[in-house]
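**Student:** what shape does this take:
(chains A and B)
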Amino acid sequence: MDARKSTSPALRAGLAAMVLVLAAAPLVMPVYWTIILTEIFIMGLFAMSFNLLLGYTGLLSFGQAGFFGVGAYAAALLILNNCSSLGLILAAGILGGGVAAAVIGYFCVKRDEIYFAMITLGFGMMLYTIAHNWIEVTGGSDGLPVSAVPAFGFAGLEIQLAEPRNMYLFVLAVSLGEVYLLWRLVRSPFGLLLSAVRENKERLAFVGANVAVVRLVSFTIAGALAGLAGGLFCLFNCMATPDFMHWSYSARPVLMTILGGSGIFLGPACGAAIFFVLEQLITNVTENWMIVLGAILIPVVVYFPRGILGTVWARLHREREGGRS
Amino acid sequence: METFIANLLNGLSWGMLLFLISVGLTTVFGVLGVLNFAHGSFFMLGAYLCMQIMHVVPSFWIGILVGPMLVALLGVIVERLLLRRVYGRDITFQLLLTFAILLVLDDAVRLVWGPGYHVVEAPALLAGTVPLFFHSYPVYRLFLVAAGPVIGGALWSFFHFTRWGRVVRAAAADREMAAGVGIRVPALFTAVFALGTWLAAIGGALAAPHQSLAPSMGERIIIESFIVVVVGGMGSFPGAFAGALLLGLLESFGTVFAGRAQMALPFILLALVLLVRPRGFFGREG
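**Tutor:** Here you go, the predicted structure:
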């Protein structure tokens, strides 16, 4: 969690190597796993947007899928209206998610803790209901299928995203950009302010900060990033449907974050990877993957309070410190 | 006038069901401090078990008697084995634990009874319709409108006039003080959680002849009862009653004046209450 610790040269080299490995991976990976990994990146982004609220601001949102879905619909509507700029499409996702989160967040930040969870769940389901019923715009329960995803123009070339490897690299690039921005954000003075809201909101209010405004800004940023993930997912899936906004979809980033650990910057993204690998393994055996997920989650919650990765991390840390003393 | 009365009765009957669910949710939260995400799943389980028992013994009354008791027993097991371990912990973990229980229960229902719809017949005594002006109105809904206040009144009397009810309220007001004067708080917690799940399940069993059973029935009710308890004020008995009736009536009359936008009405109510009175109608300060 120590976000202020300066990045050492070794860590930088390690990160650069990891990025290179990820970028080169589709050359050797089967297409099937390239697609799975693309989805993991998108869901990892989604989970990290959620963790800006839970891990950094201390707010448990159960309606994050609403903004993910708004982003997906914004992207789909733009494509259906013959917008050919991918930048504009993703910007629409960010804007859609951000505006929806700013409006809904205005009401949600009035309460915290369990109330916040209940209220965000309610408003997330409101967005779902709207998507389900406003058939003229959203296509109702069928959603909006997107037949032709615009090509990515790069150095005069038209790169088709329908090819899984191109899509993978595109999503990877956007993800890395967003992860970098998030990293800068949580290390910035504003990031410290978020942690202060989480740790002790009364004391923060006493020293003159407006807790509600800090929360609302955090909620809006998280909504915008969820919208970006939704826009990417719409490109990836060629589809925006109301299911993206359902509360069981809101539960995904929550589960991923808990699996990975909310106290680690990249924890939610690792949680997304754990989640998808588990889903692949379990759905091979049984259709009822939710019951297995629940059965896994119960001991995780009871015995691994920092998430699987977080608990392992903490144990390693303790051993290293123990060895030093 | 005629549609007005029909809407009024529809709203009241749905409001009574909502009240039964919300009062269990709010009582468990008031005493244990845990928000039970799986409350809607216990509601659903009550309906399905009632149906299952009616397959063995074809009597609705046996079903509504035995089904909820089985669910309450499950509540005891859940509290003893799982919830007890997270009382002191961060609310995130309590929510996640009950959410995990919801995942298991909902999928288990789908596994056992399938994803399709099931229908439970109302008992002969309450089947059929009565004339209402120029149309007819189902008797069972009238029964629900009457059953709500009876169960609500019984609960209210229990909390206010019996020794056990006072013990529960004492523990809700101050857990440590209650332990200090010799109340066995752990046993009390188990009992209150069992009571909460029983209330959810009896709501489910009562709802069974009123709506068709499907694995998604728990989901709708939990979201609406969340709105009820936020609007009425968490932990408040009268709040749950007022919030549930208001929401039930709003939804039934909404079909008249709001048309398709009716589905957004509960959320508009929630937003308005958060704007004007964030702690809810009967919520305490703090």
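**Student:** chain center to the helix or strand containing A:Leu281: distance?
**Tutor:** A:Leu281 belongs to helix A:267-285 when assigned by DSSP states H and E. Relative to the chain's own centre, helix A:267-285 is displaced by 15 Å; criterion: C-alpha atoms, centre = their mean, to the nearest Å.
**Student:** which residues in the chain form strands?
**Tutor:** All of this refers to chain A. Counting by DSSP state E, chain A has strands at residues A:144-145, A:152-154, A:157-159, A:239-240.
**Student:** switch to chain B, please.
**Tutor:** Counting by DSSP E, the strands of chain B are B:129-132, B:135-138.
**Student:** just for chain A, where's the confidence low?
**Tutor:** A:1-7, A:153-157, A:305-307, A:320-325 (pLDDT under 70).
**Student:** in the stretch 151-286 of chain B, which residue sits nearest chain A?
**Tutor:** B:Phe267 (3.9 Å; C-beta to the nearest C-beta). Where C-beta positions appear, they are placed from N, C-alpha and C, glycine not excepted.
**Student:** for that residue, give me its contacts.
**Tutor:** Contact partners of B:Phe267, counting by C-beta atoms under 8 Å, 6 or more residues apart in numbering or on different chains, are A:Gly122, A:Phe123, A:Met125, A:Met126, A:Thr129, B:Ile227.
**Student:** now, the most widely separated pair of these?
**Tutor:** A:Thr129 and B:Ile227 (12.4 Å; C-beta to C-beta).
**Student:** give me the neighbour count for the nearest residue to B:Leu12 once chain neighbours are set aside.
**Tutor:** Once flanking residues are discounted, B:Leu12 sits nearest to B:Val145: 4.6 Å by C-beta to C-beta, 6 or more residues apart in numbering or on different chains. B:Val145: 18 surrounding residues under other C-beta atoms under 10 Å in any protein chain shown.
**Student:** and B:Val145, how far is that from B:Ser136?
**Tutor:** Applying C-beta to C-beta, to the nearest Å, the value for B:Val145 to B:Ser136 is 16 Å.
**Student:** helices or strands next to the helix holding A:Leu281 in the packing?
**Tutor:** Other elements packing on helix A:267-285 under the criterion 3 or more C-beta pairs under 8 Å, 6 or more residues apart in numbering or on different chains; DSSP states H and E are helix A:31-51, helix A:247-260, helix A:289-303, helix A:307-324.
**Student:** quick one, it and helix A:31-51 angle?
**Tutor:** 130 degrees (axes from the mean of the first three to the mean of the last three C-alpha atoms, to 10 degrees).
**Student:** contacts for helix A:267-285?
**Tutor:** For helix A:267-285, the surrounding residues in contact (C-beta under 8 Å, 6+ apart) are A:36, A:39-41, A:43-48, A:50-51, A:55, A:179, A:252-253, A:255-262, A:264, A:289, A:292-293, A:296, A:307-310.
**Student:** could you do stretch A:295-315 as well?
**Tutor:** Here stretch A:295-315 makes contact (C-beta under 8 Å, 6+ apart) with A:255, A:257-264, A:267, A:270-271, A:274, A:278, B:82, B:85-86, B:89-90, B:93, B:96-97, B:99-101, B:103-104.
**Student:** show the end-to-end separation of it, please.
**Tutor:** 24 Å (C-alpha to C-alpha, to the nearest Å).
**Student:** residues in contact with stretch A:85-102?
**Tutor:** The contact list for stretch A:85-102, computed with C-beta under 8 Å, 6+ apart, reads A:66-68, A:70-75, A:77-79, A:83, A:127, A:150, A:152, A:161, A:170, A:174, A:216, A:219-232, A:234-235.
**Student:** my guess is B:Ile221 meets B:Ser41, correct?
**Tutor:** No: if you go by C-beta atoms under 8 Å, B:Ile221 and B:Ser41 don't touch, sitting 9.7 Å apart.
**Student:** name the nearest residue to B:Ser165, ignoring sequence neighbours.
**Tutor:** Not quite, residue B:165 is Gly, not Ser. Closest to B:Gly165 by C-beta to C-beta, 6+ apart is B:Phe159, at 4.0 Å.
**Student:** cool, B:Leu32 as well?
**Tutor:** Leaving aside its sequence neighbours, B:Leu32 sits nearest to B:Phe189 (C-beta to C-beta, 6+ apart; 5.5 Å).
**Student:** quick one: contacts for that neighbour?
**Tutor:** Residues counted as contacts of B:Phe189 (C-beta under 8 Å, 6+ apart) are B:Val31, B:Leu32, B:Glu79, B:Arg84, B:Tyr87, B:Ala171.
**Student:** and the longest helix for chain B?
**Tutor:** The longest helix of chain B (DSSP state H) is helix B:2-32.
**Student:** chain center to that one, what's the gap?
**Tutor:** Counting by C-alpha atoms, centre = their mean, helix B:2-32 is centred 8 Å from the centre of its parent chain.
**Student:** same check, this time on stretch B:202-218
**Tutor:** So, by C-alpha atoms, centre = their mean, the centroid of stretch B:202-218 is 11 Å from its chain's centroid.
**Student:** how long is it end to end?
**Tutor:** Chord length of stretch B:202-218, first to last residue, is 13 Å (C-alpha to C-alpha).
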